[in-house]
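Fold the following and give me the result.
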Amino acid sequence: MAIWTFVVEFGGGTYSSQFQADDLHAAIDQYNAKDPSGFGAVPLDLDAVELEGLENIFCTGGLTEDAEKSIFANIVKTDISK
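Reported below is the predicted structural model:
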C-alpha cells in the first residue's frame, strides 16, 4: 500500500492532502469522495499522466463540476513498504 499526496491549485489557493491506496485510480476515487478543497470541486479523473522522466509523480487538470473554475493537481506516490 502507498501514500498518495495531492497538491491541488484551485480558486487562488493550494490544498494538500494524503490518502492511502493501492493504486492511482483508488487514490483519485478517495480524493473525489472527500473533496478536500471544500468547494464542491471534483477536479481529477482517471487520465492523470505520469510526468516524463520522473517516477511516481502524476499531473492532471480540469474544471470544477460547474465548469467555472480550473483545477491543477500534482499527485505523488510514496512507497511506505519496508
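
Mind giving me the packing neighbours of the worst-scoring helix or strand of the chain on mean pLDDT?
Of all the helices and strands that make up the chain, strand 49-50 has the lowest average by mean pLDDT, DSSP states H and E, namely a mean of 78. On a contact count with 3 or more CB pairs under 8 Å, 6 or more residues apart in numbering; DSSP states H and E, strand 49-50 meets strand 57-63. Yep, even glycine has a C-beta here, placed from its N, CA and C like the rest.

Quick one: list the elements packing against the strand it packs on.
Right, strand 57-63 is packed against strand 49-50, strand 70-79 by 3+ CB pairs under 8 Å, 6+ apart.

How far off centre is the least confident helix or strand of the chain?
Offset of strand 49-50 from its chain centre (CA atoms, centre = their mean, to the nearest Å): 11 Å.

List the pairing partners of it within its sheet, with orientation.
Pairing partners of strand 49-50, with direction, according to DSSP bridges: strand 57-63 (antiparallel).
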